[in-house]
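Undergrad: Got a sequence here, can you model it:
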Amino acid sequence: MRKTEVWAAACASARAAAAALIVLLLPVGRCVHAQSQAPGMVAPMGAAGVAVIEFEVLGEHAYRGSFLRAGAQIGWLADVAVLGEYWPDLGGYRGLTLALEGTVYPIGKRRVAPYVTVDLGYFRADPKITGTFSPIRGVLRALTLGVRGHVARGVGVGVEANARVDANHFDDGVRAYAFFAPAVRAPAAGRHPSHVWVQVGGMSVIAGPWHLVEPAYQVGFETPFGSTRALGIDLALLHWDIRSPSVPYAIWDTRAVLADVLLRWRPAGAAGAVSVGAGPLISLMLEGPDVGLRPGAAVAFDVRPPLGAFAPVFSVKYVWLHRSDAAATSEVSGADQRGVVIAGGIGF
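TA: Numbering: from 1, shown residues only. Here you go, the predicted structure:
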């Protein structure tokens, strides 16, 4: 591949990653803006710990490094931070990362709180001995799932796992850390009960080449921030493939994670049974023509009958996924992926 083609591909990846980061945080901005105006709703935060990465370039071996994170808590539901990572030994390389992070806490910053983080930054790996390997430079894109817990006086510990694309190399890793984050007061509406649900469903494809091989598995979180409004996050694990019209087998078969952030609205007097939500979506695919992070959008209609602490949850969701401009081939359609996901499960 010529250098101009490599540069064009890198620029396209950077634009897609930037779009994913920006649109994922847009809905959060609306609900934390009012909170951040109150005293004590913006506070510093920091973390330090050990990072382990499975580096693809030299055969997917695991290597240990360290990381620092510093930034600001924005209200009850979000953080913005800068991340720095350093690996003294990546086989024949030394590596470092510098990235901007946006983090969402689906059920708020409680004593024990799960979270989702999107990273966009720069990855660099240099050979430890000059001339042995070619340097690696490029855009970092990552999706992280984690959980943290406060111990005392704003100090706590956490663990997280991430899937990342380092300069067009797909890697994954884990981190364990200690953090300092002064407690942020929950707004009055934020003290309303949060909800969690698990669902199983299928997808009716409207356009695009991807089709589910097995049911989709989904976990969702929702935190109210008003009498009729809530912030929700859905994470879905898909196993899907692309089939060729000319051969009787799949030409691509992969797993994907879909993450969406939805602003949900419940009509007054509906007793919480019906909600409508809309917001951005990102996908993380492990391989195939749409490998890495891609932006999209989702619109959802949910029904949760008020039947007690545990109740059924049914949802119909329209999803749109913007596919890579370079994904079209003689065997694979270049159309964006669009479909309707119908799922059911239990909430509490």
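
Undergrad: Can you tell me how far Arg164 is from Ala259?
TA: 14 Å (C-beta to C-beta, to the nearest Å). Where you see a C-beta, it was placed from the backbone N, CA and C, and this is true even at glycine.

Undergrad: Then Val52?
TA: Here Val52 is placed at a distance of 23 Å from Ala259 (C-beta to C-beta).

Undergrad: Those two: which is more packed in?
TA: Ala259 (22 against 15; other C-beta atoms under 10 Å).

Undergrad: list the contacts for that one?
TA: Applying C-beta atoms under 8 Å, 6 or more residues apart in numbering to Ala259 gives the contacts 24, 116, 143, 233-236, 281-284.

Undergrad: again, only using 6 Å
TA: For Ala259, the contacting residues are 235, 282, by C-beta atoms under 6 Å, 6 or more residues apart in numbering.

Undergrad: let's number from 3 now, not from 1
TA: Done: numbering now begins at 3, and the last item shifts to Ala261.

Undergrad: For whichever strand or helix holds it, which strands pair with it and how are they oriented?
TA: Using DSSP states H and E, the element containing Ala261 is strand 252-267. With DSSP bridges as the test, strand 252-267 is paired with strand 231-245 (antiparallel), strand 276-287 (antiparallel).

Undergrad: Heading C-terminal from the last one, find the next helix or strand.
TA: This points to strand 276-287. Following strand 276-287 in sequence, per DSSP H and E, is strand 294-305.

Undergrad: Whichever helix or strand comes after that next one versus strand 231-245: what angle between them?
TA: Downstream of strand 294-305, the next assigned helix or strand under DSSP H and E is strand 313-323. Counting by axes from the mean of the first three to the mean of the last three C-alpha atoms, to 10 degrees, strand 313-323 points 60 degrees away from the direction of strand 231-245.

Undergrad: what is the rounded mean pLDDT of strand 313-323?
TA: The pLDDT scores in strand 313-323 average 93.

Undergrad: Now do the buried residues in it.
TA: 313, 315-317, 319, 321-323 (16 or more other C-beta atoms under 10 Å).

Undergrad: Ala101: which of these is nearest?
TA: The closest of those to Ala101 turns out to be Leu323 (C-beta to C-beta; 23.5 Å).

Undergrad: Mind splitting this protein into its structural domains?
TA: Domain ranges of the chain: 5-182, 191-349, per automatic domain parsing.

Undergrad: So for the strand holding Ala261, mean pLDDT?
TA: On average, the pLDDT along strand 252-267 is 84.

Undergrad: Dump that strand to CSV, keeping only the CA atoms.
TA: Taking C-alpha atoms only, strand 252-267 is exported to CSV below (Å, rounded to 0.1, in the frame of the first residue of the first chain):
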residue,chain,number,x,y,z
ALA,A,252,-19.8,-16.9,5.6
ILE,A,253,-16.9,-14.8,4.3
TRP,A,254,-16.7,-12.9,7.6
ASP,A,255,-17.7,-14.1,11.1
THR,A,256,-17.0,-11.9,14.1
ARG,A,257,-18.2,-10.6,17.5
ALA,A,258,-19.2,-7.0,18.0
VAL,A,259,-20.1,-4.8,21.0
LEU,A,260,-22.7,-2.1,20.4
ALA,A,261,-22.8,0.7,23.1
ASP,A,262,-25.4,3.5,23.0
VAL,A,263,-26.1,6.5,25.2
LEU,A,264,-29.8,7.4,25.2
LEU,A,265,-31.8,10.3,26.6
ARG,A,266,-35.0,8.7,27.7
TRP,A,267,-38.4,10.4,28.2
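
Undergrad: Would you mind listing the buried residues in it?
TA: 253-254, 256, 258-266.

Undergrad: now swap in stretch 113-127 and tell me
TA: Residues of stretch 113-127 classed as buried: 115-127 (neighbour count, 16+ other C-beta under 10 Å).

Undergrad: Could you do stretch 235-254 as well?
TA: Buried-residue list, stretch 235-254, by 16+ other C-beta under 10 Å: 235-238, 240, 242-245, 253-254.

Undergrad: just checking, what packs against the host helix or strand of Arg96?
TA: Using DSSP H and E, Arg96 falls within strand 95-106. Applying 3 or more C-beta pairs under 6 Å, 6 or more residues apart in numbering; DSSP states H and E, we find strand 95-106 packed against strand 80-92, strand 114-129.

Undergrad: can I get those in a markdown table with mean pLDDT and distance to Val176?
TA: Shown next, in a markdown table, are those (pLDDT from 0 to 100; distance: least, C-beta to C-beta, whole Å):
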| stretch | mean pLDDT | distance to Val176 |
| --- | --- | --- |
| strand 80-92 | 94 | 12 |
| strand 114-129 | 90 | 13 |
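
Undergrad: possible to save those as JSON lines with distance to Asp304?
TA: Formatted as JSON lines, those follow (distance: least, C-beta to C-beta, whole Å):
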{"stretch": "strand 80-92", "distance to Asp304": "23"}
{"stretch": "strand 114-129", "distance to Asp304": "19"}
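
Undergrad: Quickly find the element holding Ala188.
TA: Per DSSP H and E, there is no helix or strand for Ala188.
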